[in-house]
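Colleague: below is the structure, and that's it, no one-letter string:
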Ligand SMILES: Cc1cc2nc3c(=O)[nH]c(=O)nc-3n(C[C@H](O)[C@H](O)[C@H](O)COP(=O)(O)OP(=O)(O)OC[C@H]3O[C@@H](n4cnc5c(N)ncnc54)[C@H](O)[C@@H]3O)c2cc1C
């Protein structure tokens, strides 16, 4: 690995929204201006403070941007009854967001750099893997990287073109499974984990998937210390 990342400073800042667009019918990507000294380690998240009828509420979002991207990007699933995401859904270009970060320890561990890495996500759980995988591949990580990602249907797939492009790296494999598609066999990420190689496993998404994947890995003999996860709920 060539580039070493320094421990970033945690900042509290006001960031202007430069772009807000739908990546899928229910997932929004915000692009936000950051102060000069904002930096992060791939896998970290930020907390945003939202005004809910006069009360300040805090919600956390993994950083979707790659470390070389100019702006902070967030990839957010808008929930029909979500208090925070319904506010986020109404944000417009030019609005200012109060942000704290970067935060969190869901980053590539030094020990992981010596063996293959398997990333497993569902839905917007793919978000921290975008900068993590980009960083590893572009910085000479030569062991195998396996991405296993699950969605309900085709229209929910995130960053598909980007991950397809990264398969130009011979050590990167990109696997998608759809649980409710009419056009393919309905499978969950749990159904397509194979190999159970001597790999470190990074898992991100909602807790039911995370614990189910963790139990499968433990049953197959993967040591607990080789499994890392970020829970969204
Ligand atoms: C470290 C961390 C990083 C996160 N990163 C992301 C991210 O990158 N993108 C993202 O979309 N969310 C992410 N989340 C989830 C996010 O913080 C909020 O919980 C989510 O946006 C719901 O907020 P809300 O106020 O709209 O819903 P609320 O009104 O607070 O609650 C709605 C309910 O939905 C559940 N829920 C939370 N997330 C989801 C989901 N994705 N799908 C279905 N149900 C859900 C909650 O458990 C809760 O029961 C992250 C959470 C954590 C802790």
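Modeller: Yep, that arrived. Here the structure is a predicted model, which is why all the values come from computation and not from measurement.

Colleague: where does the closest residue to residue 96 other than its chain neighbours fall, helix, sheet strand or coil?
Modeller: Of all residues not flanking residue 96 in the chain, residue 14 sits nearest, at 5.0 Å (Cβ to Cβ, 6 or more residues apart in numbering). For glycine as for every other residue, the C-beta is placed from the backbone atoms N, C-alpha and C. Here residue 14 takes the strand state, with states given by DSSP: H, G, I helix; E, B strand; the rest coil.

Colleague: who's in contact with residue 14?
Modeller: 96-99 (Cβ atoms under 8 Å, 6 or more residues apart in numbering).

Colleague: out of the helices and strands in the chain, which is least certain?
Modeller: helix 189-192 (a mean of 83; mean pLDDT, DSSP states H and E).

Colleague: next SSE downstream of it?
Modeller: Later in the chain than helix 189-192, the nearest helix or strand by DSSP states H and E is strand 200-205.

Colleague: from the chain's centroid, how far away is the helix ranked longest in the chain?
Modeller: Longest helix in the chain, counting residues (DSSP state H): helix 207-219. For helix 207-219, the separation from the chain centroid amounts to 18 Å (computed by Cα atoms, centre = their mean, to the nearest Å).

Colleague: pick out the residue of this protein closest to the ligand.
Modeller: In the chain, the residue that lies nearest the ligand is residue 82 (2.1 Å; Cβ to the nearest ligand atom).

Colleague: show me which residues of this structure sit near the ligand.
Modeller: By the rule Cβ under 6 Å from any ligand atom, the part of the chain lying against the ligand is 45, 59-62, 75-77, 79, 82-85, 104, 123-124, 127, 206, 230, 232-233.

Colleague: circling back: what packs against the helix or strand just after the longest helix of the chain?
Modeller: Note on helix 207-219: by DSSP H and E, the next helix or strand toward the C-terminus is strand 227-231. Where contact means 3 or more Cβ pairs under 8 Å, 6 or more residues apart in numbering; DSSP states H and E, strand 227-231 is packed against strand 200-205, helix 207-219.

Colleague: what's the first-to-last distance across stretch 182-202?
Modeller: End-to-end distance of stretch 182-202 (Cα to Cα, to the nearest Å): 29 Å.

Colleague: quick check: buried residues in it?
Modeller: Across stretch 182-202, burial judged by 16 or more other Cβ atoms under 10 Å covers 189-190, 193, 199-202.
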